[in-house]
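K.L.:
Provided below are the primary sequence and the corresponding predicted coordinates.
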Amino acid sequence: MGRRRFLETLAALVGIGITAPARAAAARMVELQRSPLAGFQYHRGEAVWPALAVGAALSLVREADNAYDARAVRVDWQGQKLGYVPRIDNAAVSHLLDAGHVLQAEIVRLCAAKNPWERVELAIFLTEGGARDHGQKSELRAVRVRPSLRELPFLRGTA
């Protein structure tokens, strides 16, 4: 991300209108993370695989009562369960959903690999002003989350 884009994104988040109108509209969503889709092989992933496309919108559904993961975030496509945000990557996402922030997700990569962890990659975005009650101003708190193991420089390319 270049310096100009970073400053425009930061200004948009703070609510300072220093960007041109066309660029400001593009900065209304901030990408929080990219993750593979966990559990693709156990849910409806294979059944809907031919219909999935890069750029397709995904729904994030918080499952606080999930027996296996208290921070579980389910990923749906057109009402069908595809899988979950991986446990190692779901802390910030579950925290923001619990706090009432609006998050959006989309498919950013599809790969016909045998390994189900490589089939679908999703990006998760925070919507600017992201409170569910659109009349209420959103207030973000800092959340410290350990980096994903895939993002650590000494592990890159060792998959």
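P.N.:
Thanks, I have it.
K.L.:
can you list the weak-confidence ranges in the protein?
P.N.:
1-27, 129-159 (pLDDT under 70).
K.L.:
counting neighbours, what do you get for Ala57?
P.N.:
Residue crowding around Ala57 was assessed by other Cβ atoms under 10 Å; the count is 11. To be clear about C-beta, it is placed using only N, CA and C from the backbone, and glycine gets the same treatment.
K.L.:
pairing partners for the lengthiest strand in the chain, with directions?
P.N.:
Criterion DSSP state E: the longest strand present in the chain is strand 120-131. Sheet pairing for strand 120-131, assigned by DSSP bridges, gives strand 29-36 (antiparallel), strand 101-110 (antiparallel).
K.L.:
Serialize those strands to JSON lines and add fields for distance to Glu121.
P.N.:
Converted to JSON lines, the strands paired with strand 120-131 look like this (distance: least, Cβ to Cβ, whole Å):
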{"stretch": "strand 29-36", "distance to Glu121": "6"}
{"stretch": "strand 101-110", "distance to Glu121": "4"}
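K.L.:
including mean neighbour count and distance to Trp117, could the ones you listed go into a markdown table?
P.N.:
Shown next, in a markdown table, are these (neighbours: other Cβ atoms under 10 Å; distance: least, Cβ to Cβ, whole Å):
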| stretch | mean neighbour count | distance to Trp117 |
| --- | --- | --- |
| strand 29-36 | 18 | 5 |
| strand 101-110 | 18 | 12 |
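K.L.:
thanks again, I'm all set now.
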